[in-house]
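S.K.: structure for this input, please:
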Amino acid sequence: AYVNHDYVRSVLDAGGIPLIIPVNTDEEIIKAQLACIDGLVISGGYDVNPLLFGEEPHHLLGMTLAQRDTFDLALIKYALEMKKPILGICRGIQIINTACGGTLYQDCSLSEGSYIKHSQGHSPTQVSHSVKIEKDSYLYEIFGSQTLVNSFHHMSVKDLAPGFKITATAADGIIEAMEKETGSFILAVQWHPEMLSGVNQDMRKLFKLLLEKS
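M.R.: Just a heads-up that it's a prediction; the model follows:
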């Protein structure tokens, strides 16, 4: 059970105390794990199983892990019940959207008009494309109308889950961020701010925002 050290460092640099939550499928243990924390980061990782949003697997789908899907879905369900603030990153935005009733593109190439290379493949501390940010969002308060991001994904949000709003998009229309409109704080981004936070102060502010909401 591990996460990349970038997540740990980003939480520390933001002034928080990082705790890694081991994957398991016992819902009572998951509830107890959540009771020990103030805020939750849903990290990157495996592809989300498309059966969870009503689709058969496309030949472009990557590796999935059923235990991780089950764990994340339970984490999100009970975090919402406990009103724990959530920051979703990469797979995080995808599994949050799925958990809350949305769907995903199993590969960005399946989105009409997509042309940007969304998996840069190297140099995680370097940015690779721009995103447009919507007003009246937490992201706008941090970045303004546009920022540059890194990119290490091939799945993306398709149909947005009810109760959320799109707050950032790539130039080819791929959804890059969403925020919960009311109730519990959820902010989810498709890029990897934890990889950039060591060289970009604005990216660190995403983790500080999670702490503020905790």
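S.K.: which outside residues touch stretch 199-206?
M.R.: 10, 13-14, 87, 125, 142-143, 147, 187, 189, 193-194, 196-197 (Cβ atoms under 8 Å, 6 or more residues apart in numbering). Where you see a C-beta, it was placed from the backbone N, CA and C, and this is true even at glycine.
S.K.: mind putting those in CSV, neighbour count, pLDDT and distance to N24 included?
M.R.: CSV is the format used below for the contacts of stretch 199-206 (neighbours: other Cβ atoms under 10 Å; pLDDT from 0 to 100; distance: Cβ to Cβ, whole Å):
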residue, neighbour count, pLDDT, distance to N24
S10, 28, 97, 24
D13, 15, 96, 28
A14, 18, 96, 27
L87, 27, 98, 21
T125, 13, 96, 32
I142, 17, 97, 34
F143, 20, 97, 36
T147, 20, 98, 36
L187, 24, 98, 26
V189, 24, 98, 26
P193, 22, 98, 27
E194, 28, 98, 23
L196, 24, 97, 30
S197, 24, 96, 28
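S.K.: and of these, the nearest to E134?
M.R.: F143 (10.9 Å; Cβ to Cβ).
S.K.: what packs against the longest helix along the chain?
M.R.: Assignment by DSSP state H gives helix 66-81 as the longest helix of the chain. Packing partners of helix 66-81 (3 or more Cβ pairs under 8 Å, 6 or more residues apart in numbering; DSSP states H and E): helix 27-35, strand 40-42, helix 91-99.
S.K.: what sits against the residue of the chain positioned farthest from its centre?
M.R.: Relative to the mean C-alpha coordinate of the chain, counting by Cα atoms, centre = their mean, the farthest residue is E28 (24.2 Å). Shown in contact with E28 (Cβ under 8 Å, 6+ apart): no residues.
S.K.: one more: the one 10 residues further on?
M.R.: Taking Cβ under 8 Å, 6+ apart as the definition of contact, the neighbours of D38 are 84-85, 211, 214.
S.K.: next one: C100
M.R.: Counting by Cβ under 8 Å, 6+ apart, C100 has contacts 76, 161-164.
S.K.: over to it: give its phi and psi.
M.R.: Phi and psi for C100, reported as degrees, to the nearest 10, are phi -100, psi 10.
S.K.: give me the pLDDT for it.
M.R.: At C100 the predicted local confidence, pLDDT, stands at 98.
S.K.: how close does it get to A171?
M.R.: 26 Å (Cβ to Cβ, to the nearest Å).
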